[in-house]
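Q: sequence first, predicted coordinates after that:
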2 protein chains.
Amino acid sequence: MKQLREKIASEGRVLSGEVLKVDSFLNHQIDPKLMQAIGEEFSRRFKNDGVTKILTIESSGIAPAAMAGLTMGIPVVFARKRASLTLTEGLISSEVKSFTKQTVNTISVSGDYVTADDTLLIIDDFLANGQAALGLLDISGQAGAKVAGIGIVIEKGFQNGGKLLREQGVRVESLAIIESLADGKVAFREESEVR
Amino acid sequence: MKQLREKIASEGRVLSGEVLKVDSFLNHQIDPKLMQAIGEEFSRRFKNDGVTKILTIESSGIAPAAMAGLTMGIPVVFARKRASLTLTEGLISSEVKSFTKQTVNTISVSGDYVTADDTLLIIDDFLANGQAALGLLDISGQAGAKVAGIGIVIEKGFQNGGKLLREQGVRVESLAIIESLADGKVAFREESEVR
């Protein structure tokens, strides 16, 4: 997605060979018009797949997922990383390992809102090692829901999450794929060479 | 806001005299079209106040704030409740006490995105004791930003947050005000009687 790649190129900050900071439009400050364009692009790619609901995870997945839900005219459910006071019964949970933070989080969704009747589009802001996506796929499986695919705003192509998911036969649509962050520069993978 | 009151009346679940569960459209599952209508209503109420940026707090504030930002054509910043790996320098923080959870959370915003040049619209999903709103006001003050007002989706009128803020001269615009949750029923305050 050209508009997104240009935004990453102009505002993304490379903190290391592994870490790209996009706090000016996605992870802390949000650019609503760009999120709308991202939502419309996810809608374009998945509009013929019978998606009934979008599943994302708090917090940075919520804005792009909400805009996709608005365009597609379907509800959005965000998985919680923390226990909720009012969200207690009928939880479907999965463990998500964070390689960067070296922690394991339990993510949860209410079985009231993700069911065997759903065909889900999973949306997240970043795809790196794929652990969050695998956790959301696990939750979808526990609920008996179908998964049309996974929509990612920024995929770190140099980490193994995308490969891992695509080898499992999961359809992954990433709007921007970073080939490398070497030498403090963002290098994008050409859209044709998704592996 | 009639559409919101009707949604609360039809889907809200009263768990106690204090707790209203709206997980079907706001706090876990999100209704994007309703969030858009909420964003448009916040925009209508604050469109003449020179707002340059919306400030909210993860996670349930993000969807209504993003929709308001889209309508108003301005960026949204969400305060973080948890430490971020890439959000470390230049943080502006405040302590927020949760009466219900009996915890104190530090919420943080990057000084890069909330500055003395900004006139902020603070948006949150719920207003109860007002602690989160006070924390966001504290952060705004530390940044030297002006605050046009606070936009709340659902105010619990029987708790003291709204009174506390309005007595401080803060403009609080709540789209639905719950007068009482007694006897398992949601009773709304008439829009004219905001105190």
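A: Yep, that arrived.

Q: how far does the longest strand belonging to chain A sit from its chain's centre?
A: Ranked by number of residues, the top strand in chain A under DSSP state E is strand A:146-156. Centroid separation for strand A:146-156 versus its chain: 5 Å, with Cα atoms, centre = their mean, to the nearest Å.

Q: same check on stretch A:142-152?
A: Counting by Cα atoms, centre = their mean, stretch A:142-152 comes out at 12 Å from the chain centroid.

Q: that one near chain B anywhere?
A: No: applying Cβ under 8 Å from any Cβ of the partner chain, one finds stretch A:142-152 separated from chain B by no less than 13.2 Å. (Each C-beta comes from the backbone N, C-alpha and C, glycine too.)

Q: which parts of that stretch are buried?
A: A:143, A:145-152 (16 or more other Cβ atoms under 10 Å in any protein chain shown).

Q: keeping just the C-alphas, turn that stretch into PDB.
A: Provided in PDB are the C-alpha atoms of stretch A:142-152 (Å, rounded to 0.1, in the frame of the first residue of the first chain):
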ATOM      1  CA  GLN A 142     -11.300 -22.900  20.200                       C
ATOM      2  CA  ALA A 143     -14.500 -20.900  19.300                       C
ATOM      3  CA  GLY A 144     -15.000 -23.100  16.200                       C
ATOM      4  CA  ALA A 145     -14.900 -20.000  14.000                       C
ATOM      5  CA  LYS A 146     -13.600 -20.000  10.400                       C
ATOM      6  CA  VAL A 147     -10.700 -17.600   9.600                       C
ATOM      7  CA  ALA A 148     -10.700 -15.900   6.200                       C
ATOM      8  CA  GLY A 149      -7.200 -14.600   6.800                       C
ATOM      9  CA  ILE A 150      -5.000 -12.200   8.600                       C
ATOM     10  CA  GLY A 151      -4.600  -8.500   7.800                       C
ATOM     11  CA  ILE A 152      -1.400  -6.900   9.000                       C
END
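
Q: list the contacts of it.
A: A:42, A:45-46, A:49-51, A:53, A:64, A:68, A:92, A:94, A:109, A:111, A:114-127, A:133, A:136-137, A:140, A:162, A:165, A:170-175 (Cβ atoms under 8 Å, 6 or more residues apart in numbering or on different chains).

Q: just the strands from chain A, written as ranges.
A: A:13-14, A:20-21, A:29-30, A:53-57, A:76-79, A:91-98, A:103-110, A:119-127, A:146-156, A:172-180, A:187-188.

Q: for residue B:77, which of the ones you listed is the nearest?
A: Nearest to residue B:77, of all the strands of chain A, is strand A:29-30, at 4.8 Å by Cβ to Cβ.

Q: name the residues that touch that closest one?
A: A:23, A:63, B:62, B:65-66, B:69, B:75-78, B:110, B:113.

Q: now the two most distant members of these.
A: Of all pairs in these, the most separated under Cβ to Cβ is B:66 and B:110 at 17.6 Å.

Q: now the buried residues of stretch A:142-152 as TSV including distance to residue A:187?
A: As requested, the buried residues of stretch A:142-152 are exported to TSV (distance: Cβ to Cβ, whole Å):
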residue	distance to residue A:187
A:143	38
A:145	36
A:146	35
A:147	30
A:148	30
A:149	25
A:150	23
A:151	22
A:152	17
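
Q: still on that earlier bit, pull up the pairing partners for the longest strand of chain A, direction included.
A: strand A:119-127 (parallel), strand A:172-180 (parallel) (DSSP bridges).

Q: tell me what residue A:92 is bridged to.
A: residue A:109.

Q: in this structure it contacts residue A:115, no?
A: No: assessed by Cβ atoms under 8 Å, residue A:92 is found out of contact with residue A:115, at 9.9 Å.

Q: quick one: which of these two has more around it?
A: residue A:92 (21 against 13; other Cβ atoms under 10 Å in any protein chain shown).

Q: do you know how far that one is from residue A:141?
A: 9 Å (Cβ to Cβ, to the nearest Å).

Q: okay, the residue nearest the centre of chain A: pLDDT?
A: Nearest residue to the geometric centre of chain A (Cα atoms, centre = their mean): residue A:124, 1.3 Å. On pLDDT, residue A:124 comes in at 98.

Q: just give the nearest non-adjacent residue to it, would you?
A: residue A:61 (4.7 Å; Cβ to Cβ, 6 or more residues apart in numbering or on different chains).

Q: so the one you found makes contact with residue A:78?
A: Yes: shown here, residue A:61 and residue A:78 form a contact pair, counting by Cβ under 8 Å, at 6.6 Å.

Q: out of the strands of chain A, which is closest to residue B:3?
A: Across these, closest to residue B:3 is strand A:76-79 (Cβ to Cβ), at 18.1 Å.

Q: mind giving me the packing neighbours of that closest one?
A: When contacts are defined as 3 or more Cβ pairs under 8 Å, 6 or more residues apart in numbering or on different chains; DSSP states H and E, strand A:76-79 sits against strand A:53-57, helix A:62-72, strand A:103-110, helix A:131-143, strand B:29-30.

Q: right, and those - which one's nearest residue A:191?
A: helix A:62-72 (18.2 Å).

Q: elements contacting the closest one?
A: helix A:32-46, strand A:53-57, strand A:76-79, strand A:119-127, strand A:146-156, strand B:29-30, helix B:32-46, helix B:62-72.
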